[in-house]
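[1] A predicted structure for the sequence below; I have some questions about it.
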Amino acid sequence: MQKRLIWTLLALLCVSMLAGAASAAPTTELHITKIAGDGVTVLDEMTVDYRW
């Protein structure tokens, strides 16, 4: 019973590690937002890529 639990937890750990690696794929764009001092008002927005 204990061995089965350990193997199940190990399998879940491996699957979660693979899912995390797939979702952390690199990106070539970055969205930049300039916010005013009040923390709400958006002053400027731009999206830049790797050539920026």
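    In hand now; what should we look at?
[2] what number of residues lie near Leu30?
    11 (other Cβ atoms under 10 Å). Bear in mind the C-beta positions are built from the backbone N, C-alpha and C, glycine included.
[3] which SS class is it?
    strand (DSSP: H, G, I helix; E, B strand; the rest coil).
[4] ok, what's across the strand from Lys34?
    With beta bridges defined as DSSP bridges, Lys34 has these partners: Asp44.
[5] Please give me every residue in contact with it.
    The contact partners of Lys34, by Cβ atoms under 8 Å, 6 or more residues apart in numbering, come to Val42, Leu43, Asp44, Glu45.
[6] any idea how far the residue lying closest to the second one once chain neighbours are set aside is from Ala11?
    So the one you mean is Leu43. Excluding the flanking residues, the one nearest Leu43 by Cβ to Cβ, 6 or more residues apart in numbering is Lys34, at 4.5 Å. Distance of Lys34 to Ala11, given as Cβ to Cβ, to the nearest Å: 46 Å.
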